[in-house]
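**Q** Output the structure for:
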Amino acid sequence: MVLNLMYHYSMTDADALMTDGFGRRITDVRVAVNSACNLRCVYCHHEGEAVNGCVCNNAASPLTKEELIEVLTTLQSLGVRTVKLTGGEPTLRPDLAEIIRAIPDGMEISLTTNGTRLKDCAAELAEAGLVRVNVSLDSLKRDRYAKITGRDLLPEVLAGIDAALAAGLTPIKINTVLLPGINDDEVEDFLAFVRSRENLILQFIELMDINGWTDGMQEGKSNAAFAAELEERFIREAETVETRRMHHRKKYLLDGAVVEIVRPMHNFEFCANCNRIRITSDGMLKPCLLRQGNEVSLKGKHGDALVSAIAEAVQNRSPYFTEERP
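**A** Okay, the predicted model is just below:
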């Protein structure tokens, strides 16, 4: 049973509880509904779970549907308006559609997925209330995709994108991690891909190498230099440029292709405008992906105790990168 919690809190109270010490009001939550995944991407950061002592294995027990909905109901009453469901690979969770149906009204629901299973579930998830999806896709070359992800499933991903388009889960964001020396020769291919279909947005994402995957391996251009060079090109070539609310990211229109560059590393503006918290699959509220040791457990907490735990995690937030940081 989902309790109707926290409606005795005024919006003024909620604003105070959900605003951190740097004036950032939390409006978004990212929820890992499981830790299992059917891919083994070489750069995966496991939503921060692998590096902070949280659960990160296929046998782990994630939060129950009832626990998830109680937390999301409380967050909704405190003014959180968007929820992004992640994993692991969230479509591996059998009750995913039930979770989506039970999420409180007034919360926009999106999903980040590797797309390998979308063909079979996109329509059901849309009917349940899912609004849109982000699909991870780091190469359009089949052999290269298999090398990056550990599985030869590129055709399934492309079919999943088409199924999501047909189900109206739009706009679909294609999440492409920039991997210098691996997929940096596919920029034009990705631009052509999003131009070939309506309602696709391309997100080039700077590699967050928090697990040391590229240590001693990279030659030539660094991750940051490659991302910066690409963004400088898009600034020159874009017909229009918009600034998004989330992290003040820029959106570029390039001859019919809508493109964003996500540059989280050593980027004080990105951190200064972050309004998101994360819930790990085992019920830890994580104030920042990159920070460790300031998580707050939500397991077994209800009512005011749950609100207090959320408020504690919000107050634990601080920008990871600052203007003074190199």
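**Q** For Gln203, list each beta-bridge partner.
**A** As for beta bridges, Gln203 partners with Asn175, Glu260 under DSSP bridges.
**Q** please begin residue numbering at 31 from this point
**A** In the new numbering, first residue 31, that becomes Gln233.
**Q** Quick one: list the elements packing against the least confident helix or strand in the chain by mean pLDDT.
**A** Across the helices and strands of the chain, mean pLDDT, DSSP states H and E gives its lowest value to helix 298-302, namely a mean of 75. Contacting helix 298-302 under the criterion 3 or more C-beta pairs under 8 Å, 6 or more residues apart in numbering; DSSP states H and E is no other helix or strand. Yep, even glycine has a C-beta here, placed from its N, CA and C like the rest.
**Q** which parts of that helix are buried?
**A** Within helix 298-302, the residues scored as buried using 16 or more other C-beta atoms under 10 Å are 300-302.
**Q** what's the answer for stretch 279-289, then?
**A** Going by neighbour count (16+ other C-beta under 10 Å), the buried part of stretch 279-289 is 279-282, 284, 287-289.
**Q** Out of the residues you listed, which is nearest to Ala339?
**A** Minimum distance to Ala339 across the buried residues of stretch 279-289 is 29.7 Å, recorded for Arg279 (C-beta to C-beta).
**Q** dump the residue contacts of the closest one.
**A** When contacts are counted by C-beta atoms under 8 Å, 6 or more residues apart in numbering, Arg279 touches 273, 290-292, 300.
**Q** Neighbouring strands - and their directions - for the host helix or strand of Leu315?
**A** Assigned by DSSP states H and E, Leu315 belongs to strand 314-316. Strand 314-316 has the following strand partners under DSSP bridges: strand 306-309 (antiparallel), strand 326-327 (antiparallel).
**Q** from the ones you listed, which stretch is densest packed?
**A** Of all these, strand 306-309 has the most neighbours on average by mean count of other C-beta atoms under 10 Å, namely a mean of 23.
**Q** from the chain's centre, how far out does it sit?
**A** On the basis of C-alpha atoms, centre = their mean, to the nearest Å, strand 306-309 sits 10 Å off its chain's mean C-alpha point.
**Q** Rounded mean pLDDT for it, please.
**A** Per-residue pLDDT over strand 306-309 has a mean of 94.
**Q** Name the residues that touch it?
**A** 56, 58-62, 77-78, 93, 101, 276, 315-317, 319, 328, 343-344, 347.
**Q** Just the ones of those in strands?
**A** When DSSP state E is applied, those are split such that 58-62, 315-316 fall in strands.
**Q** Tabulate those (TSV), appending neighbour count.
**A** Below are the ones in strands among the contacts of strand 306-309 laid out as TSV (neighbours: other C-beta atoms under 10 Å):
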residue	neighbour count
Asp58	20
Val59	23
Arg60	20
Val61	25
Ala62	29
Leu315	24
Lys316	25
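**Q** farthest pair in those?
**A** Spatial extent of the ones in strands among the contacts of strand 306-309 (C-beta to C-beta) is set by the pair Asp58 and Ala62 at 14.3 Å.
**Q** Where does His296 sit: helix, strand or coil?
**A** Here His296 takes the coil state, with states given by DSSP: H, G, I helix; E, B strand; the rest coil.
**Q** List just the nearest of the buried residues of stretch 279-289 to Val110.
**A** Nearest to Val110 out of those is Arg279 (C-beta to C-beta; 19.9 Å).
**Q** Okay, helices next: where are they in the stretch 131-280 of the chain?
**A** In the stretch 131-280 of the chain, the segments counted as helices under DSSP state H, counting those that start in this stretch are 148-158, 172-179, 184-196, 217-225, 253-267.
**Q** How far off centre is the last one?
**A** What it means is helix 253-267. In terms of C-alpha atoms, centre = their mean, the centre of helix 253-267 is found 22 Å from the chain centre.
**Q** what angle separates that helix from helix 217-225?
**A** 60 degrees (axes from the mean of the first three to the mean of the last three C-alpha atoms, to 10 degrees).
**Q** Then the third one?
**A** For helix 184-196 and helix 217-225, the angle between their directions (the same axes, to 10 degrees) works out to 40 degrees.
**Q** Tell me which other helices or strands helix 184-196 touches.
**A** helix 148-158, strand 162-166, helix 172-179, strand 202-208.
**Q** 7 Å instead?
**A** If contacts are counted by 3 or more C-beta pairs under 7 Å, 6 or more residues apart in numbering; DSSP states H and E, helix 184-196 sits against helix 148-158, strand 162-166, strand 202-208.
**Q** Can you show me the CA trace of the shortest one as CSV?
**A** What it means is strand 162-166. Presented in CSV, the C-alpha positions along strand 162-166 are these (Å, rounded to 0.1, in the frame of the first residue of the first chain):
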residue,chain,number,x,y,z
ARG,A,162,10.4,9.3,-23.6
VAL,A,163,13.6,7.3,-23.7
ASN,A,164,17.3,7.8,-23.9
VAL,A,165,19.1,5.1,-25.8
SER,A,166,22.8,4.4,-25.4
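**Q** Just the buried positions in it, please.
**A** Here strand 162-166 shows 162-166 as buried, counting by 16+ other C-beta under 10 Å.
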